[in-house]
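Trainee: build the 3D model from these lines:
(chains A and B)
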Amino acid sequence: MTGVRTAADAQSGRVWKKPPFIANPWIRYGLIAIAMTYLYWAFSTLPFNWERVSEGLPRAARIFGGAFPPSFERGDLLWTGFKESFQIAFLATLMGVGLSVPIAVMAAKNVAPLPVYLLGRALIVISRSFHPVIVAILFVAAVGFGPLAGILTLTLYSIGFVAKLLAEEIEEIDWGQVEAMRSVGAGYFKILIYGVFPQIVPRQIGLSMYQLDSNLRASAVVGIVGAGGIGGTLMNAFGRYDYAFAFAILLMIIGIILVSEGFSGWVRKKVW
Amino acid sequence: MVDHAEKLADRLWSRYDRKEQLIRYGIYFATLVAVVWAVKDIDIFWPWVWDAPNQIQSLGSRMWPPEFSAWNAIFSAMLETVHIATLSTMLTIFIALPVSYIAAQNTTPNKVTLWLGRFILVSSRSVNTIIWALLFVAIFGPGVLAGILAVMFRSIGFIGKLMGEAIEEIDRNPVEAMQATGASKMKVVLYAIVPQVMPAFFAIIILRWDINIRESTVLGLVGAGGIGVLLQGSIDLFAWQTVATILLAIIVLVIVGEAVTSILRKKVI
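Mentor: Numbers count the residues shown, from 1 in each chain, chains lettered A, B, ... in the order given. Sure thing, here's the model as predicted:
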């Protein structure tokens, strides 16, 4: 198709060309130059240990050779690990969702006075700024190894997420019902319970189910730094070079995450 | 009107009918049973729980005041963290785009490739970055490369899934118009599909870069480079004041990352 050009086209120079993505050529080539410089700089300053990396492929072959077939022999260990992960995720979700309700009320501009609003926002920002694994290390250092550190970590993690979205939901409620209650002389808490909460309950249930799912995922990870659950079992299997068992754990994690994602999606669809 | 008052008097308003009420009580009961089981069965040493507030407070007091003498090392570790996030996001694009192409229902060549694409996306997403890092550290040894690969492998699923959805939502008309003129498959992709998904593409990449910065801060805990290595080292040495500085640095990095992404978002989209 492209080869067919009539003499008239060539004469008038009216051959269509795709307009460039960035119109200004200086910015266009400048950005490419910046990207190239960045890549060069990054690759030349990063400490790659190429000697060690070159051993990677035979090692990978050995690891995957050891991982097949996955061994489900130590089923009881697998079961206790997952049971603990479930318990951590479940309790943390309950506590996190419970605590996130008052914090969300504090952090909603339309129902909280300004100083309380700032305090609520600060609480949310603090619990959101760290990756759960970092929080988990700190809690492990403070309260010792085991599921307690995991529960505390995931509670904080849930507050950060659920309270933030719930606060946004409260800010978007239909104000008419609150005004109606005010006009009949209801107190602050009555307005909250009968005017605000019924409007956010479906959203809250959806968020809780979503958070349960995401806590279950996270509980597999916080165990790696010693906060209980299946992550610890996985870390131990890796440490003992027991790749067949580690692979079995990984498969179970993937399977359970798929099931829990399906379940949480189903509940959310029912509620909304 | 007056006649009906008697009839209506015993008709009480209730929010739920009988069946709904039963389901609700059933759910409450199941939740209660689960709570009791979890609390009883979980392997927690209860005196530690009552002592936890004290311990947390004491850890906090050991962290105060933050110790800034190691700022040089912290700064270069931070730079490494940003490099890991940026490089892995850049490299992911080259893998995630073809995967999203075969995982989108309207562009995939056939059923087999569709399921292959979906399989890649699901397995990438179900394994957390840290677990990927654990695997790559075992293969390539501790270091930055393992971190980059770990973040990449997790990002493929994220970017691929969202891009696949963006491709599925495109307007069919430009595609059909180009096919009608006899354009080749490559040209249809380049001129009819790519321009439509470009805004979504930049939004997704920027979002993932922001997430990857957060993820990169923890990779070091399993030995995959970045600020986490320093954090783990300081915790092992009980250098709590340095730990506090590192935590502050992470907060600053996350806030800067969020600011940069919001500027980029405004500029590009």
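
Trainee: when you work out contacts or count neighbours from here on, use the C-alpha atoms and nothing else.
Mentor: Will do.

Trainee: which regions of chain B sit below the pLDDT cut-off?
Mentor: Low-confidence segments of chain B (pLDDT under 70): B:1-10, B:13, B:15, B:269.

Trainee: point me to the residue of it nearest chain A.
Mentor: Using C-alpha to the nearest C-alpha, the single residue of chain B nearest to chain A is residue B:140, 4.7 Å away.

Trainee: how about the residues of the stretch 151-272 of chain A by chain B?
Mentor: A:217, A:221, A:225, A:250, A:253-254, A:257-258 (C-alpha under 8 Å from any C-alpha of the partner chain).

Trainee: switch those over to CSV; also include secondary structure.
Mentor: Shown next, in CSV, are those (DSSP: H, G, I helix; E, B strand; the rest coil):
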residue, secondary structure
A:217, helix
A:221, helix
A:225, helix
A:250, helix
A:253, helix
A:254, helix
A:257, helix
A:258, helix
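
Trainee: what residues does the stretch 1-150 of chain B put near chain A?
Mentor: B:35, B:38-39, B:42-44, B:48-49, B:52, B:55-56, B:59, B:80, B:83, B:87, B:123, B:126-128, B:130-131, B:139-141, B:143-145.

Trainee: please repeat the previous calculation with a cut-off of 6 Å.
Mentor: Applying C-alpha under 6 Å from any C-alpha of the partner chain, we find that the stretch 1-150 of chain B lies next to chain A at B:38, B:52, B:55-56, B:126, B:139-140.

Trainee: filter those residues down to the ones in helices?
Mentor: Members of those lying in helices (criterion: DSSP state H): B:38, B:52, B:55-56, B:126, B:139-140.

Trainee: closest to residue B:214 out of these?
Mentor: residue B:126 (18.0 Å; C-alpha to C-alpha).

Trainee: what separates the residue lying closest to the closest one once chain neighbours are set aside from residue B:205, distance-wise?
Mentor: Nearest non-adjacent residue to residue B:126, counting by C-alpha to C-alpha, 6 or more residues apart in numbering or on different chains: residue A:254, 5.5 Å away. Going from residue A:254 to residue B:205 by C-alpha to C-alpha, to the nearest Å gives 25 Å.

Trainee: what's the answer for residue B:31, then?
Mentor: With C-alpha to C-alpha as the criterion, residue B:31 and residue B:205 are 40 Å apart.

Trainee: who's more crowded, these two?
Mentor: Taking other C-alpha atoms under 10 Å in any protein chain shown, residue B:31 and residue B:205 do not tie; residue B:205 has more neighbours (20 against 14).

Trainee: what strand or helix carries that one?
Mentor: helix B:194-219 (DSSP states H and E).

Trainee: rewinding a little: run a quick neighbour tally on the residue of chain B closest to chain A.
Mentor: Residues near residue B:140, counting by other C-alpha under 10 Å, number 24.

Trainee: same question for residue A:247.
Mentor: Around residue A:247 there are 23 other residues, counting by other C-alpha under 10 Å.

Trainee: now do residue B:144
Mentor: A count of neighbours around residue B:144, defined by other C-alpha under 10 Å, yields 25.

Trainee: try the one 3 residues further on
Mentor: By the measure other C-alpha under 10 Å, the count of residues near residue B:147 is 32.

Trainee: and it, helix, strand or coil?
Mentor: The three-state assignment at residue B:147 reads helix, by three-state DSSP.

Trainee: state the phi and psi torsions of the closest residue to it other than its chain neighbours.
Mentor: Spatial nearest neighbour of residue B:147, chain neighbours left out: residue B:224 (4.5 Å); criterion: C-alpha to C-alpha, 6+ apart. Per-residue torsions, residue B:224: phi -100, psi 30 (degrees, to the nearest 10).

Trainee: my guess is residue B:224 meets residue B:146, correct?
Mentor: Yes. Look at residue B:224 against residue B:146 with C-alpha atoms under 6 Å: they come within range, at 5.4 Å.

Trainee: tell me where the model's unsure across the stretch 151-272 of chain A.
Mentor: A:272.

Trainee: before we move on, the earlier item: pretty sure the residue nearest to residue B:126 sits against residue B:124.
Mentor: No. Residue A:254 is beyond contact range of residue B:124, at 9.8 Å (criterion: C-alpha under 6 Å).

Trainee: on that earlier part again, can you count the residues close to the residue nearest to residue B:126?
Mentor: Neighbourhood size, residue A:254 [other C-alpha under 10 Å]: 19.

Trainee: okay, and the residue nearest the centre of chain A sits in which element?
Mentor: In chain A, the centroid-proximal residue (C-alpha atoms, centre = their mean) is residue A:214; its distance is 6.6 Å. Element membership for residue A:214, per DSSP H and E: helix A:197-222.

Trainee: show residues contacting the helix or strand just after that helix.
Mentor: Sequence-wise, the next helix or strand downstream of helix A:197-222 (DSSP H and E) is helix A:230-239. Applying C-alpha atoms under 6 Å, 6 or more residues apart in numbering or on different chains, the contact partners of helix A:230-239 are A:81-82, A:85, A:220-221, A:223-224, A:226, A:246.

Trainee: let's see 8 Å
Mentor: Applying C-alpha atoms under 8 Å, 6 or more residues apart in numbering or on different chains, the external contacts of helix A:230-239 come out as A:77-78, A:81-82, A:84-85, A:219-226, A:243, A:245-246, A:249-250.

Trainee: for the helix holding residue A:214, what is the distance to the chain centroid?
Mentor: A distance of 11 Å separates the centroid of the chain from that of helix A:197-222, by C-alpha atoms, centre = their mean, to the nearest Å.

Trainee: likewise stretch B:110-130?
Mentor: Using C-alpha atoms, centre = their mean, the offset of stretch B:110-130 from its chain centre is 16 Å.

Trainee: CA atoms only: put it into CSV for me.
Mentor: Listed in CSV are the C-alpha atoms of stretch B:110-130, where the atom choice follows Å, rounded to 0.1, in the frame of the first residue of the first chain:
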residue,chain,number,x,y,z
ASN,B,110,-6.5,-17.5,19.5
LYS,B,111,-7.9,-19.2,22.6
VAL,B,112,-4.6,-20.8,23.6
THR,B,113,-2.7,-17.5,23.7
LEU,B,114,-5.6,-15.9,25.6
TRP,B,115,-5.3,-18.5,28.4
LEU,B,116,-1.5,-18.3,28.2
GLY,B,117,-1.7,-14.5,28.7
ARG,B,118,-4.2,-14.9,31.6
PHE,B,119,-2.1,-17.6,33.2
ILE,B,120,1.0,-15.3,33.1
LEU,B,121,-1.0,-12.4,34.6
VAL,B,122,-2.6,-14.4,37.4
SER,B,123,0.7,-16.1,38.5
SER,B,124,2.5,-12.9,38.4
ARG,B,125,-0.1,-11.2,40.5
SER,B,126,-0.6,-13.9,43.1
VAL,B,127,3.0,-14.0,44.2
ASN,B,128,4.0,-11.1,46.3
THR,B,129,7.1,-9.0,45.4
ILE,B,130,8.9,-10.2,48.5
